[in-house]
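Novice: Sequence and predicted structure are below.
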Amino acid sequence: MSYYADHSWEEDRWKNKKKKMKWKPKDRDKYWYVSLSYTNVWVTHSIIFWDEEISQGRYKIGNCFRTRKQAQQMAKKIKVLLKGGNK
């Protein structure tokens, strides 16, 4: 049977698509996000995900992270972008 005849290419495509999908917290899961503090410093916060507008909005823009480390990495990227460089 060929690669295409047994539809394994569809399974491969689905697996690759799943890998690229953003992690989405379930209702009442803890997640991390990045925000700008009043002192103009990018910080990370931990909060509980609720199926409401604020949590959904953070998810839609890609600001939901499973770990603090992931959120901190994003905060560093944001700082670099805002300074106008790729350092």
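Specialist: Perfect, I can see it now.

Novice: How far off centre is stretch 64-80?
Specialist: Taking the mean of its C-alpha atoms, stretch 64-80 sits 9 Å from the chain's own mean (CA atoms, centre = their mean, to the nearest Å).

Novice: Excluding its own residues, what touches that stretch? List them.
Specialist: With CB atoms under 8 Å, 6 or more residues apart in numbering as the contact definition, stretch 64-80 has outside contacts at 22-25, 31-34, 42-46, 49, 55, 58, 63, 86-87. No exception for glycine: its C-beta is placed from N, CA and C like everyone else's.

Novice: just stretch 32-47 next, same as before
Specialist: Contact with stretch 32-47 is made by 30-31, 55, 58, 63-68, 70-72, 74-75, 78-79, as judged by CB under 8 Å, 6+ apart.

Novice: now do 6 Å
Specialist: 30, 58, 63, 65, 68, 71-72, 74-75, 78-79 (CB atoms under 6 Å, 6 or more residues apart in numbering).

Novice: mind putting those in a markdown table, pLDDT included?
Specialist: What follows is the contacts of stretch 32-47, written out as a markdown table (pLDDT from 0 to 100):
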| residue | pLDDT |
| --- | --- |
| 30 | 96 |
| 58 | 94 |
| 63 | 95 |
| 65 | 96 |
| 68 | 94 |
| 71 | 94 |
| 72 | 93 |
| 74 | 93 |
| 75 | 92 |
| 78 | 89 |
| 79 | 88 |
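
Novice: Give me the buried subset of these.
Specialist: Members of those that pass the buried threshold by neighbour count (16 or more other CB atoms under 10 Å) are listed as 58, 63, 65, 71-72, 74-75.

Novice: Can you pick out the most distant pair from the residues you listed?
Specialist: The most widely separated members of the buried ones among the contacts of stretch 32-47 are 58 and 72, with 15.9 Å between them, by CB to CB.

Novice: Tell me where the protein has strands.
Specialist: If you assign secondary structure with DSSP state E, the strands in the chain sit at 30-36, 42-48.

Novice: The last one: partners in the sheet, and parallel or antiparallel?
Specialist: Here strand 42-48 is paired, per DSSP bridges, with strand 30-36 (antiparallel).
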